[in-house]
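the following comprises the amino acid sequence and a computationally predicted model.
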Amino acid sequence: MPWETVELNDGNHIKTIGYGTWTIGKGDQAVDQIAQALETGYDHIDTAQSYLNQEEVGQAVRESGLKRSDLFITTKFSGRDGLSIPEAIKQSLDKTGFEYVDLYLIHHPRLVGDDVVGAWQQMEELKAKGYARSIGVSNFGIDDLEKLKDAKTKPAVNQILLHPYVWKQQKPLVEYCQANGIVVEAYSSLISPVTRMPGGPVDKPLAKISERTGATYDQILLAWAKAKGAVVVTNSSKKARLLGYLDAGDLLLTDEEIAAVDEGGSQQGVEGYGLFARVLPGVALFSVAFVVSRVLISAGVW
Ligand SMILES: NC(=O)c1ccc[n+]([C@@H]2O[C@H](COP(=O)([O-])OP(=O)(O)OC[C@H]3O[C@@H](n4cnc5c(N)ncnc54)[C@H](OP(=O)(O)O)[C@@H]3O)[C@@H](O)[C@H]2O)c1
């Protein structure tokens, strides 16, 4: 299961697979899900102010009996509750019950408006105070990152959407990050056949790789993101799948296979969440037709 650790630009290390808590909800069910991930061998947990389950992360870690220092915990400033960055990290530490987080991210550039530089200085201060061992960003584009090029501390990571159907758009950003020593963290890498877009052009190369390796599509997609040099953040409610993801750390794709997946992804011609891009024109057309028919009916024309 060689999901190795990689060194961040500040000398800290991050495990290359993480368990994300975005979709697991709150309360006991969330604690159970996180506990399952910890038992299965995940030692990198990714949460956020906006996922509303930071307390559950803290509880699951305490109940696991694992040493805090053996775990890598990320949380994010999501601009909730009217809190500033310094207030939000204190709230996160209170909620989790941890003295520090391993990685603290600005969840999205829009949360800090035009003042990316000022917000980043606040991030640097909380790192200096020891509240976060490393600091980074999420969903930042090249323009946003350029604003931080003279910062004292570089962002350690940029956590971004990365799956085959957005590879063409995200490639320059991934290359920029890698050229500037910023580790790319991939989220929602299973979008495509597995979670949202069955029947697309990526299915064919995945089927071929699956035939050669015996791996499932989800394992291949994680191995694909790893091959792009990304740390992956993923999730499953099922233990068997969580184990399968860990096994995917051993899965080596050939250059030809990676190129075939890239090529399939580039054919879809969608940005971001492809399903929405496919469904939206139909929804828009239906809405216009509906409104026109209502107007014609009320005017007595139809
Ligand atoms: N920074 C950001 O803006 C941002 C945005 C989104 C996500 N994230 C982070 O990334 C984490 C992962 O995001 P994600 O949930 O979108 O990740 P994902 O890894 O793309 O998808 C995980 C989902 O895939 C499903 N799945 C896996 N294999 C499957 C299969 N063979 N058939 C059907 N479904 C399958 C799982 O369902 P089962 O439970 O049924 O296995 C799970 O719900 C989040 O929890 C969060 O920590 C960050």
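Received it, and whenever you're ready, just let me know what you need.

only C-alpha atoms for contact and neighbour calcs from this point on.
Will do.

contact partners for Val194?
Neighbouring residues of Val194 by C-alpha atoms under 8 Å, 6 or more residues apart in numbering: Tyr217, Asp218.

which single residue in the stretch 51-200 of the chain comes nearest to the ligand?
Nearest residue of the stretch 51-200 of the chain to the ligand (C-alpha to the nearest ligand atom) works out as Ser188 at 3.1 Å.

any idea how far Asp32 is from that residue?
Distance of Ser188 to Asp32, given as C-alpha to C-alpha, to the nearest Å: 22 Å.

ok, now Asp114?
Distance from Asp114 to Asp32, counting by C-alpha to C-alpha: 40 Å.

would you map the strands across this structure?
Taking DSSP state E as the criterion, the chain carries its strands at 5-7, 13-15, 17-20, 44-46, 72-77, 101-106, 132-138, 157-161, 183-187, 231-234.

mean pLDDT and mean neighbour count added to the ones you listed, as CSV?
Output for the strands of the chain, formatted as CSV (pLDDT from 0 to 100; neighbours: other C-alpha atoms under 10 Å):
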stretch, mean pLDDT, mean neighbour count
strand 5-7, 98, 14
strand 13-15, 97, 19
strand 17-20, 98, 24
strand 44-46, 98, 23
strand 72-77, 98, 24
strand 101-106, 98, 25
strand 132-138, 98, 25
strand 157-161, 98, 24
strand 183-187, 98, 25
strand 231-234, 98, 24
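
kindly reformat these as a markdown table and extend each row with distance to Leu93.
Compiled in a markdown table, the strands of the chain are given as follows (distance: least, C-alpha to C-alpha, whole Å):
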| stretch | distance to Leu93 |
| --- | --- |
| strand 5-7 | 24 |
| strand 13-15 | 20 |
| strand 17-20 | 18 |
| strand 44-46 | 14 |
| strand 72-77 | 10 |
| strand 101-106 | 8 |
| strand 132-138 | 10 |
| strand 157-161 | 20 |
| strand 183-187 | 22 |
| strand 231-234 | 21 |
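
so which of those strands is nearest Gly249?
Among the strands of the chain, strand 17-20 comes nearest to Gly249, with 8.5 Å by C-alpha to C-alpha.

report all helices and strands that that closest one contacts.
For strand 17-20, the elements it packs on are strand 44-46, strand 231-234, judged by 3 or more C-alpha pairs under 8 Å, 6 or more residues apart in numbering; DSSP states H and E.

residues in contact with that strand?
With C-alpha under 8 Å, 6+ apart, strand 17-20 has contacts from 3, 37, 42-47, 231-235, 246.

could you redo the last one with a cut-off of 10 Å?
2-5, 34, 37-38, 42-48, 51, 72-74, 185-188, 222, 226, 230-236, 242, 245-246, 249 (C-alpha atoms under 10 Å, 6 or more residues apart in numbering).

what does stretch 35-43 give?
With C-alpha under 10 Å, 6+ apart, stretch 35-43 has contacts from 14-15, 17-20, 29-34, 44-45, 56-57, 59-64, 66, 68, 70-73, 235-240, 242-243, 246.

is the ligand contacted by it?
No - Stretch 35-43 does not reach the ligand (C-alpha under 6 Å from any ligand atom); its nearest approach is 11.6 Å.

and what of stretch 164-180?
No - against the ligand, stretch 164-180 shows no contacts by C-alpha under 6 Å from any ligand atom, the least distance being 11.3 Å.

which residue is the nearest non-sequential neighbour of Ser134?
Of all residues not flanking Ser134 in the chain, Leu103 sits nearest, at 4.7 Å (C-alpha to C-alpha, 6 or more residues apart in numbering).

neighbours of Gly97, just the number please.
16 (other C-alpha atoms under 10 Å).

Gln91 now?
Considering only other C-alpha under 10 Å, Gln91 is surrounded by 15 other residues.

then the one 3 residues further on?
Asp94: 14 surrounding residues under other C-alpha under 10 Å.

any idea how far it lies from Ser78?
16 Å.

follow-up on the earlier one: need the contact list for the residue of the stretch 51-200 of the chain closest to the ligand.
Gly20, Ile160, Leu161, Leu162, His163, Thr195, Leu222, Val232, Val233, Thr234, Asn235, Tyr273.
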